[in-house]
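1. below are the sequence and a predicted model for it; my questions follow.
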Amino acid sequence: MKRRTLLSLPALALNAATPDLTVVDRARILKAANAYLKLARATITAASSARSAGGRHDFFSEGDYWWPDPKDAKAPYIQRDGMTNPDNFVAHRKAMIRLSVEVPALVAAWRVTKDKKYAEHAALHLRAWFVDPDHE
């Protein structure tokens with residue numbers, strides 16, 4: 001936070017040592033959480049890679065700098081430092097990042113408002129990821 005922003009905050013958001021982030025960040029928290037309420041749950045079961053040896057519920061990710069060997073398609077991948085392979089499978093990584101952004105925002109909105117809709121939507125995500133084996 002910039003000094004100028006901090007100094008312009010409402011007085012009730014500040015105490016002698018620490019700003020009250022529920023006041024300072026309320027609009028940003030609610031804007032994000034309200035956007036996430038509109039999104040369907042998405043887990044790793046929604047996408048798969050033919051290169052994964054695991055099953056439907058197994059997380060699969062490929063290293064950014066690893067490429068197929070152009071001399072032998074069956075050979076192990078080779079490393080090209082600093083060159084991200086655009087054909088790498090990243091859907092599971094993106095789903096995990098999405099979970100790690102949406103659930104905390106929904107929980108923060110519940111903490112700020114005590115409105116159950118935010119907690120319930122966060123719980124739907126967590127159940128889809130960790131409890132319900134049939135969720136896509």
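-> Perfect, thanks for sending it.

2. quick check: longest helix of this protein.
-> If you go by DSSP state H, the chain has its longest helix at helix 91-113.

3. next SSE after that one?
-> Next helix or strand after helix 91-113 toward the C-terminus (DSSP states H and E): helix 116-130.

4. okay, now the unreliable bits of the chain?
-> 1-17, 135-136 (pLDDT under 70).

5. CA atoms of stretch 92-101 as PDB?
-> What follows is stretch 92-101, C-alpha atoms only, in PDB (Å, rounded to 0.1, in the frame of the first residue of the first chain):
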ATOM      1  CA  HIS A  92      -4.300 -28.900 -13.500                       C
ATOM      2  CA  ARG A  93      -1.800 -26.200 -12.400                       C
ATOM      3  CA  LYS A  94      -4.300 -23.500 -13.400                       C
ATOM      4  CA  ALA A  95      -7.100 -25.300 -11.600                       C
ATOM      5  CA  MET A  96      -5.100 -25.400  -8.400                       C
ATOM      6  CA  ILE A  97      -4.100 -21.700  -8.700                       C
ATOM      7  CA  ARG A  98      -7.800 -20.900  -9.200                       C
ATOM      8  CA  LEU A  99      -8.800 -22.800  -6.100                       C
ATOM      9  CA  SER A 100      -6.100 -21.000  -4.100                       C
ATOM     10  CA  VAL A 101      -7.400 -17.600  -5.200                       C
END
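
6. buried ones in it?
-> Within stretch 92-101, the residues scored as buried using 16 or more other CB atoms under 10 Å are 92-93, 95, 98-99. All C-beta atoms are positioned from the backbone trio N, CA, C, and that covers glycine.

7. helices or strands up against the longest helix of the chain?
-> Helices and strands touching helix 91-113, as assessed by 3 or more CB pairs under 8 Å, 6 or more residues apart in numbering; DSSP states H and E, comprise helix 26-37, helix 116-130.

8. just how off-centre is that helix within its chain?
-> Offset of helix 91-113 from its chain centre (CA atoms, centre = their mean, to the nearest Å): 6 Å.

9. could you do stretch 63-70 as well?
-> Distance, centroid of stretch 63-70 to centroid of chain: 25 Å (CA atoms, centre = their mean).
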